[in-house]
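In: below: sequence and its predicted model.
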Amino acid sequence: MSTELNSTLFFPDISGFTSFVNSTEIEHGQHITAALLEEIINPNYLNFIVSEIEGDSVLFFKAESTNEIKELIELSLYIHKKFHERRN
């Protein structure tokens, strides 16, 4: 018996994170990184589940397949916008 499981993985990260960390004082870096990660996690209107946060990346998953790639592109653009609004 074959059971097919469809799921979607979504793995955004903070672009330029290494150079940011190298140019930020340690006592400020953790606070700023946490705030920026929130701007990746909070705009998640497609209700992906956070599986793991690893450094500057968030691994999201959804038990069912997201059939429309357009939905993921729109979510990616929205997260990008919110992230850069917060960063600036």
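Out: Great, that's in hand.
In: show the subsequent helix or strand relative to the least confident helix or strand in the chain by mean pLDDT.
Out: Using mean pLDDT, DSSP states H and E, helix 17-22 stands out as the lowest-scoring helix or strand of the chain, at a mean of 69. Note on helix 17-22: by DSSP states H and E, the next helix or strand toward the C-terminus is helix 26-41.
In: just the mean pLDDT for that next one, thanks.
Out: Across helix 26-41, pLDDT averages out at 80.
In: in that helix, what's buried?
Out: Thr33, Leu36, Leu37, Glu39, Ile40 (16 or more other Cβ atoms under 10 Å). Every C-beta, even on glycine, is put in place using the N, C-alpha and C of the backbone.
In: do the same with stretch 68-85
Out: Buried residues in stretch 68-85, counted by 16+ other Cβ under 10 Å: Leu75, Ile79, Phe83.
In: residues contacting Val50?
Out: Ile41, Val58, Leu59, Phe60 (Cβ atoms under 8 Å, 6 or more residues apart in numbering).
In: what secondary structure does the second one sit in?
Out: Here Val58 takes the strand state, with states given by DSSP: H, G, I helix; E, B strand; the rest coil.
In: do I have it right that it meets Glu39?
Out: No. Taking contacts as Cβ atoms under 8 Å, Val58 lies outside contact range of Glu39: 10.3 Å.
In: which helix is the longest one in this structure?
Out: helix 69-87 (DSSP state H).
In: nothing else from me, thank you.
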